[in-house]
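A.B. asks: Just the structure for this:
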Amino acid sequence: MRPLSGPISVPGDKSISHRYALLAALAPGRSRLGGLAPGQDVRSTLFCLKTLGARVSFADTDTLEIDGSHGLRAPARTLDAGNSGTTMRLLAGVLAGQPFTATIEGDASLSMRPMERVAVPLRAMGARIVTTDGHAPMTISGGQLAAIDFASPIASAQVKSAVLLAGLFARGRTTVTEPAPTRDHTERALVAFGATVDARPGYAALDGGQELSPATLAVPGDPSSAATWAAAAASVPGSAIEIRNVGLNPGRLGFVSALARAGVDIQVDGEADGHTEPIGTIRVAYGDPAFFEIHPVEVPSLIDELPVLAAMAARRAGMRVTGAAELRVKESDRIHEVVQGLRAFGAIAEELPDGFEIDAGPLRAASVDARHDHRLAMAFAIAGLGLPETHIAGAHVVDISYPGFLELLAARTS
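C.D. replies: Model (predicted):
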């Protein structure tokens, strides 16, 4: 197995792509968005927006145009969010302020994820929302909303974003406070589309009735995809890579400090922070392995990266994470599935109520199941590096966020 080396580029940020597309559909005019994430999740958002009447077309192979001049209209059919929780929850916030009724459904995996966490505050604002035993399908009858001061019981960027998007259509000033700061992509995106937002870590507020403006924006590279490559490089002795044009949003870089504590040589260089998304370069070299811990306060900044960090830790010196119970309600129960998968590879892994502990040791080839979870597929691909008899059932699910990743990883290491 060859060490990973040289420059690497990653697809556009999935979280930002969803938000730019939604806001472009609300802005009266034509927006141009470059570098959107190519995976199925963002395609689900675009499909829903087209079903709602937004005009979506490609100006060229890398630039999407969205014209929101005619507003959104009642859909002729159920909106399909596919596997995308971001699509369903953020779109719920938009639909809460529309003068029509719409139903959003998802695949079997998404239909198991909790939706009352967004339905509760949106009902408090005046929307009528019916969930299916707390899950999708979810029917939303929108209309005139009233602003609320919402103290979120969980640290969730999706919940915060749904409330803020509904707040655009509400009378008064909507505020959201969080128990721990989450990524601020929605706040930044609103500003990029002409809104005024009062935002600081753990708090965001906006006045209703603001009209957005169309924008021309480029989506930076996805930090979660960068973290996957970083974890892969940290798993193979002698590796040294440079990941370019990556989004460096402070709320997404928890994996950088975690990798540093794991003994990885990691450096970040980027532009100064501001209202738009900062972009830069992440350099990663193997380094001397060390056991590391991830504490609850860190979890919101690296929640999506925990599976690949666990796979890396199994190949280095182990890790322990707590305060990550949210992993149990992702595309799969990621706590259980990560532990079971790594055990199949021969790792000693313990499942905790809100996390896991991984001990390092020699791994063996394994047959594992991605459980229709793209993060699991990428994590198991890292665990299986250099183990040619490894088989990942359902590995194609990586297309949800990173089409072609497995082939790129194989080409870099074989």
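
A.B. asks: secondary structure element for residue 49?
C.D. replies: Counting by DSSP states H and E, the element that carries residue 49 is helix 40-51.

A.B. asks: what about residue 200, neighbour count?
C.D. replies: Using other Cβ atoms under 10 Å, residue 200 has 10 other residues around it. C-betas here are computed from N, CA, C, even on glycine.

A.B. asks: hmm, who's touching the helix holding residue 49?
C.D. replies: Outside helix 40-51, the residues that touch it by Cβ atoms under 8 Å, 6 or more residues apart in numbering are 14, 17-18, 21-22, 25, 36, 56, 64, 66, 75-77, 79-84, 86-87, 91, 104, 399-401.

A.B. asks: counting contacts, what elements does whatever helix or strand comes next after that helix pack onto?
C.D. replies: Using DSSP H and E, the helix or strand that follows helix 40-51 in sequence is strand 55-60. Packing contacts for strand 55-60, counted by 3 or more Cβ pairs under 8 Å, 6 or more residues apart in numbering; DSSP states H and E, involve helix 40-51, strand 63-67.

A.B. asks: can you redo the ones you listed as JSON lines with distance to residue 352, mean neighbour count and mean pLDDT?
C.D. replies: Listed next are the helices and strands packed on strand 55-60 as JSON lines, based on distance: least, Cβ to Cβ, whole Å; neighbours: other Cβ atoms under 10 Å; pLDDT from 0 to 100:
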{"stretch": "helix 40-51", "distance to residue 352": "28", "mean neighbour count": "22", "mean pLDDT": "97"}
{"stretch": "strand 63-67", "distance to residue 352": "42", "mean neighbour count": "19", "mean pLDDT": "96"}
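
A.B. asks: Which one of these lies nearest to residue 203?
C.D. replies: Across the helices and strands packed on strand 55-60, residue 203 has its closest neighbour in helix 40-51 (26.3 Å, Cβ to Cβ).

A.B. asks: hang on, residue 110 packs against residue 86?
C.D. replies: No: taking contacts as Cβ atoms under 8 Å, residue 110 lies outside contact range of residue 86: 10.3 Å.

A.B. asks: So in that sheet, which strands flank the worst-scoring helix or strand of the chain on mean pLDDT, and in what orientation?
C.D. replies: Lowest on mean pLDDT, DSSP states H and E among the helices and strands of the chain sits strand 55-60, with a mean of 89. When pairing is defined by DSSP bridges, strand 55-60 lines up against strand 63-67 (antiparallel).

A.B. asks: Figure out how far the partner strand is from the centre of its chain.
C.D. replies: Strand 63-67 sits 22 Å away from the centroid of its parent chain (Cα atoms, centre = their mean, to the nearest Å).

A.B. asks: Report the strands that pair with the very next helix or strand once past that strand, each with its relative direction.
C.D. replies: Once the chain leaves strand 63-67, the next helix or strand it forms, by DSSP H and E, is strand 79-80. Strand pairing for strand 79-80, determined by DSSP bridges: strand 101-105 (parallel).

A.B. asks: between the least confident helix or strand of the chain and helix 40-51, how many degrees?
C.D. replies: With axes from the mean of the first three to the mean of the last three Cα atoms, to 10 degrees applied, the angle from strand 55-60 to helix 40-51 works out at 130 degrees.

A.B. asks: Need the contact partners of strand 55-60.
C.D. replies: Residues outside strand 55-60 that contact it (Cβ under 8 Å, 6+ apart): 32, 46, 49, 50, 64, 65, 66, 67, 68, 69, 70.

A.B. asks: isn't residue 54 right up against residue 67?
C.D. replies: Yes: the pair residue 54 / residue 67 is scored as a contact, 7.0 Å apart, by Cβ under 8 Å.

A.B. asks: Tell me where the stretch 251-400 of the chain has helices.
C.D. replies: Residue ranges of the helices in the stretch 251-400 of the chain, as given by DSSP state H, counting those that start in this stretch, are 254-261, 306-315, 334-344, 374-383.

A.B. asks: And the closest residue to residue 366 other than its chain neighbours, what's its pLDDT?
C.D. replies: In space, and not counting its chain neighbours, residue 366 is closest to residue 344: 4.0 Å by Cβ to Cβ, 6 or more residues apart in numbering. The per-residue pLDDT reported for residue 344 equals 98.

A.B. asks: who's in contact with residue 344?
C.D. replies: Neighbour list for residue 344: 366, 367, 368 [criterion: Cβ under 8 Å, 6+ apart].

A.B. asks: Scan the residues you listed and report the most crowded one.
C.D. replies: Neighbour counts for those, by other Cβ under 10 Å, peak at residue 368, which reaches 25 neighbours.
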